[in-house]
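A.B. asks: All I have is the shape, not the residue letters:
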């Protein structure tokens, strides 16, 4: 895992046209609403990307004011996962990514693939993803707060040492 000042999230599914796109959109909203713009970097990708976002997914997200019309499914770049802090998979095999190799925290979200499903099912998947992203950001905020406390403590210890040795 990368040792950076930002926390990188990677949302992965097979086609990068439904679940991972919804998760990335909700994560962007959470990041902005919580004022974590400088702290959280968000990516999504697929193992076999579709040509476009699933229409029913775009419609379900539009119902709640999130526009996915400018998004395009794309491949996950395995090399980039070494910089990830949280790897969230949704329906793709984690063995492809080997998160342990990179020291990445992995979460496998067992979610129905919304492709071709009735709108009610797509809405249920959307709402479940929204709740999971909110819980993930609760965890991220806790991590950010711990980093702030550690940095503050480190600065105080450094100052105390400097004061002690500068006589």
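C.D. replies: On my side now, so go ahead. Just so we're clear, the structure is a prediction, and the values are computed from it rather than from any experiment.
A.B. asks: OK, contacts around the closest residue to residue 113 other than its chain neighbours?
C.D. replies: Once flanking residues are discounted, residue 113 sits nearest to residue 91: 5.8 Å by Cβ to Cβ, 6 or more residues apart in numbering. All C-beta atoms are positioned from the backbone trio N, CA, C, and that covers glycine. Neighbouring residues of residue 91 by Cβ atoms under 8 Å, 6 or more residues apart in numbering: 13-14, 19, 111, 113.
A.B. asks: top of those residues by neighbour count?
C.D. replies: Counting neighbours by other Cβ atoms under 10 Å, residue 19 leads those with 32 neighbours.
A.B. asks: So which of the contacts of residue 91 are in helices?
C.D. replies: Among these, DSSP state H puts residue 19 in helices.
A.B. asks: Out of the contacts of residue 91, name the two that are farthest from one another.
C.D. replies: Within the contacts of residue 91, 14 and 111 form the most distant pair, 11.6 Å apart (Cβ to Cβ).
A.B. asks: Quick check: what element follows the helix or strand of the chain with the lowest mean pLDDT along the chain?
C.D. replies: Using mean pLDDT, DSSP states H and E, helix 99-102 stands out as the lowest-scoring helix or strand of the chain, at a mean of 70. Next helix or strand after helix 99-102 toward the C-terminus (DSSP states H and E): strand 105-108.
A.B. asks: Surely residue 87 and residue 100 touch.
C.D. replies: No: using Cβ atoms under 8 Å, residue 87 is not in contact with residue 100; the gap is 10.4 Å.
A.B. asks: which of those two has more neighbours?
C.D. replies: Between residue 87 and residue 100, counting by other Cβ under 10 Å, residue 87 is the more crowded of the two (23 against 9).
A.B. asks: which residues of this protein score low on pLDDT?
C.D. replies: 1-4, 93-99, 102, 144, 147-167 (pLDDT under 70).
A.B. asks: Show the contacting residues for residue 12.
C.D. replies: Here residue 12 is in contact with 20, 44-47, 76, 87-90, 92, 97 (Cβ under 8 Å, 6+ apart).
A.B. asks: Pull out the buried members of the residues you listed.
C.D. replies: The neighbour count (16 or more other Cβ atoms under 10 Å) marks 20, 44-47, 76, 87-90, 92, 97 as buried among the contacts of residue 12.
A.B. asks: tell me which of these is nearest to residue 8?
C.D. replies: When the buried ones among the contacts of residue 12 are compared for distance to residue 8 (Cβ to Cβ), residue 87 wins out at 9.3 Å.
A.B. asks: Can you list phi and psi of the closest one for me?
C.D. replies: phi -110, psi 110 (degrees, to the nearest 10).
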